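Peer 1: what's the 3D shape of this:
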Amino acid sequence: MSDKLPPIYFYLPQSDWVEDMPKSADTYWQGFGQGIYCWTLQTYLRLKADGFPCELIGTMPTEGIVLAHRRSFPFALQPQPKLLMVCFKADYERHPYAQLHVVQNPQEELTFKESSYIPHWSQPGLIPREPSRGDRFENAAYFGITHNLADELKKPLWQEHLKALGLSWHIVKPERWNDYSDVDVVVAVRSFDRQDYTWKPATKLINAWCAGVPAILGTDSAFRAERQSELDYLEVASLEDAIAALQRLRDDKELRRAIIENGRVRAEKTQPARLVTQWRNFLTDIAVPAYERWCTASTWSRQTFLQRRSLAIKIDAMQRRLRKLVSQLRS
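Peer 2: Numbering: from 1, shown residues only. Purely as a prediction, here's the structure:
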């Protein structure tokens, strides 16, 4: 591999550039709540601030390494002979022609070839729980998009259960997704059907660690992959489990203190500086060699790659139609 790096671009379509885009990833900006900005813009800002040679662009280049969110790469876009496409898969399906993917759940790295797991960034500008709250246990909160919260936790009955425990329930608005100052416990469950959500990240857990707040979470595979002990978080698989976990935390302040202290230790390994190192290593040790192999490959080899990907698209479409037909016949 050459010591000189090829051009490395973070591609954000010009139509997605907005006037208030931040120049630093350390300040809170609501846009970072959207994957396209969290993955593309925040990663660029972190690496640029660390002195890594890269550029944020609004038009697709013809050569070099280009990194972009799955939504930013048109479905039919194919890499040219001097272009390596690195797709941030996020919550979406793989891009059919991207040579590399970055995934946000370690299970996906085991499932998809040519993919690399890099953890999601923690919440920029995070305001941790106010230390002066001490052992107070009054406010339970959910941080995130409402449709990612279990239906049972949106109903009045849930609030009644919490009120009986002496707790107030808050679904935090996006403008305050960075503010944990008055939160005593985080509850984040997508559903109570024991799904493992292999495409979702562990961000809610990592943010809770950084905020100094105990977390009650669902059965997501990303959470389980991070879990080293019960002090990392309390897992629940039913509404009854969630109520029991809250009661347990309410009645055991020593457990709460232990969880908070454990989270402080775990949070140290999720700091942006550590992820910047991981990104640097990915780009220099994986993306650059892949780029050089692509550029030096024969025309026949590149065409074969694209033809195989095109065939995979057709097979996938046929399988989808077949599944739809079977479903219709069964109904």
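Peer 1: number of nearby residues for the residue nearest to residue 63 when sequence neighbours are not counted?
Peer 2: Closest residue to residue 63 apart from its sequence neighbours, by Cβ to Cβ, 6 or more residues apart in numbering: residue 82 at 3.5 Å. Quick note: C-beta positions are derived from backbone N, CA and C, even for glycine. Using other Cβ atoms under 10 Å, residue 82 has 14 neighbouring residues.
Peer 1: shouldn't residue 82 be in contact with residue 61?
Peer 2: No. Here residue 82 lies out of contact with residue 61, judged by Cβ atoms under 8 Å, at a distance of 9.2 Å.
Peer 1: ok so, going back, show me what contacts the residue nearest to residue 63?
Peer 2: When contacts are counted by Cβ atoms under 8 Å, 6 or more residues apart in numbering, residue 82 touches 62-64, 295.
Peer 1: Likewise for residue 220?
Peer 2: 190, 195-197, 200, 202.
Peer 1: Most neighbours of all those residues, which one?
Peer 2: Highest count within the contacts of residue 220 by other Cβ under 10 Å belongs to residue 202, 25 neighbours.
Peer 1: That one reaches residue 225, doesn't it?
Peer 2: Yes. Residue 202 lies in contact with residue 225 (Cβ under 8 Å); the separation is 7.0 Å.
Peer 1: Between the two, which contacts overlap?
Peer 2: Applying Cβ under 8 Å, 6+ apart, one finds that residue 202 and residue 225 are jointly contacted by residue 105.
Peer 1: Which stretches in this protein count as helices?
Peer 2: 35, 42-49, 106-111, 156-164, 203-211, 221-226, 239-251, 253-268, 272-282, 288-296, 299-330 (DSSP state H).
Peer 1: what does the third one rub up against?
Peer 2: Spelled out, that is helix 106-111. 89, 103, 115-117, 196, 198-199, 221-222, 225.
Peer 1: Can you report how many residues lie near residue 321?
Peer 2: Count around residue 321 with other Cβ under 10 Å applied: 10.
Peer 1: Enumerate the beta-bridge partners assigned to the residue nearest to residue 294 when sequence neighbours are not counted.
Peer 2: Spatial nearest neighbour of residue 294, excluding adjacent residues (Cβ to Cβ, 6+ apart): residue 84 at 5.5 Å. Following DSSP bridges, residue 84 is listed with bridge partners residue 65.
Peer 1: ok, residue 84 to residue 220 distance?
Peer 2: Per Cβ to Cβ, to the nearest Å, residue 84 is found 31 Å from residue 220.
Peer 1: Can you get me a residue count around residue 217?
Peer 2: 25.
Peer 1: tell me the mean pLDDT for stretch 312-324?
Peer 2: On average, the pLDDT along stretch 312-324 is 76.
Peer 1: Looks like residue 174 contacts residue 31 (just checking).
Peer 2: No. If you go by Cβ under 8 Å, residue 174 and residue 31 don't touch, sitting 10.0 Å apart.
Peer 1: Look at those two and report which has more neighbours.
Peer 2: Neighbour totals were compared for residue 174 and residue 31, and residue 31 leads with 15 against 12 (other Cβ under 10 Å).
Peer 1: if we can go back for a sec, with distance to residue 12 as extra columns, can I get the helices of the chain in CSV?
Peer 2: Output for those, formatted as CSV (distance: least, Cβ to Cβ, whole Å):
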stretch, distance to residue 12
helix 35, 12
helix 42-49, 8
helix 106-111, 23
helix 156-164, 38
helix 203-211, 20
helix 221-226, 25
helix 239-251, 38
helix 253-268, 29
helix 272-282, 17
helix 288-296, 20
helix 299-330, 24
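Peer 1: need the least confident one among those helices, by mean pLDDT.
Peer 2: Among those, helix 299-330 scores lowest, at a mean of 82.
Peer 1: mind checking how far it is from the chain centre?
Peer 2: Averaging C-alpha positions (Cα atoms, centre = their mean, to the nearest Å) puts helix 299-330 27 Å from its chain's average.
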